[in-house]
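*Asks:* This is a predicted model, with the sequence first.
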Amino acid sequence: MTDFEVIATGLKFPEGPIAMADGSVIVVEIAAGRLSRVEPDGNVQVIAELGGAPNGAAIGPDGLCYVCNNGGFTWVDVDGMLFPEGTPDDYDGGRIERVNLETGEHEVLFDSCNGNRLNGPNDIVFDNHGGFWFTDAGKLWPRQIARGGVYYVGADTAHIEEVFYPQEFPNGIALSPTENTLYFCETMNGRIWSYPLSGPGQLAEPLVPSNPENLLHAPGGLLGFDSMCVDSHGNVCQATLFQGGISVVSPTGDLVEFIDLPDPLVTNICFGGEDLCTAYITLSATGQLISMPWDRPGHRLNFQTE
């Protein structure tokens, strides 16, 4: 088993970690409907009660925190581990929210695109122009599925564009260090997709659905892919469900290594610390935030303070 340090326990399905300059880590607690700050000593402070199910988070050019809220899950406890199961009766759609980290004040930026409501916004990444990409994973009911997509919001946050639709439970999303490639994964079928970009929110080539040339990595077997980030070498660091760990995938689609961790729902990873050589990882089923040294520096996110 990989050596790591447990920073905090008792979190309610943590996700969306953001390493801050003061050593704290911002996380969402999906099952509690809140945005929280974990101090280096493990103390947890609630920043904002958002309701629904805040899922992914990122710092924008204005220093505010942008949150993907998927609208809510039902939950099941299995031997002390928490698992999302379905969609609650009070679900009324998903949304993109903006949160002031100092005051906790928050507002809804988007809850629809082109007249279609957002179903389950999941993960988010900003480009260096100040716009952001996000995934909408869709929603599940016992006999119905609302399908997902991938969206782009310009730097002025005045418009939202549906770039990919439909997708099969799109989840983690990231940009290559040069920002000429967009990566995103699909959870249930365990695939990572790669698309060249020509500019902010712009695909370099006409979109061909399910084009095998855009399929970066699809190992098969019983696994699922959740959130992701990239390291300074351009590798995709992919949180991997069921097998429980981090799959490190090269820009050419090869599996560089797999970091095994003791939780079936390893959901997200970010980099922080000196020289970005510390990985912060959410072990969601067991409610833990952990840290561990990383052999390769992470890639610094846009608007991530030093």
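*Replies:* Yep, that arrived. Numbering: from 1, shown residues only.
*Asks:* from here on, contacts and neighbour counts on C-alpha atoms
*Replies:* Noted.
*Asks:* Could you check stretch 61-80 and say which residues are buried?
*Replies:* 61, 65-73 (16 or more other Cα atoms under 10 Å).
*Asks:* ok, now which ones touch the nearest residue to residue 102 once chain neighbours are set aside?
*Replies:* Distance criterion Cα to Cα, 6 or more residues apart in numbering; nearest residue to residue 102, sequence neighbours excluded, is residue 47 at 7.7 Å. Applying Cα atoms under 8 Å, 6 or more residues apart in numbering, we find residue 47 in contact with 34-37, 101-104.
*Asks:* Among the residues you listed, which one has the most neighbours?
*Replies:* Using other Cα atoms under 10 Å as the neighbour test, these are led by residue 35, with 29 neighbours.
*Asks:* next one: phi and psi at it?
*Replies:* Torsion angles at residue 35 (phi, psi; degrees, to the nearest 10) stand at phi -110, psi 130.
*Asks:* do the same with residue 32
*Replies:* The phi and psi torsions at residue 32 (degrees, to the nearest 10) take the values phi -100, psi -10.
*Asks:* just checking, it touches residue 12?
*Replies:* Yes: between residue 32 and residue 12 there is a contact under Cα atoms under 8 Å: 5.7 Å.
*Asks:* How far does stretch 4-11 stretch from one end to the other?
*Replies:* Its start and end residues considered, stretch 4-11 measures 17 Å (Cα to Cα, to the nearest Å).
*Asks:* contacting residues for the closest residue to residue 304 other than its chain neighbours?
*Replies:* Sequence neighbours aside, residue 59 is the residue nearest to residue 304 in space, at 6.8 Å (criterion: Cα to Cα, 6+ apart). Counting by Cα under 8 Å, 6+ apart, residue 59 touches 18, 65-66, 303-304.
*Asks:* same check, this time on residue 183
*Replies:* Taking Cα under 8 Å, 6+ apart as the test, what residue 183 contacts is 173-176, 192-195.
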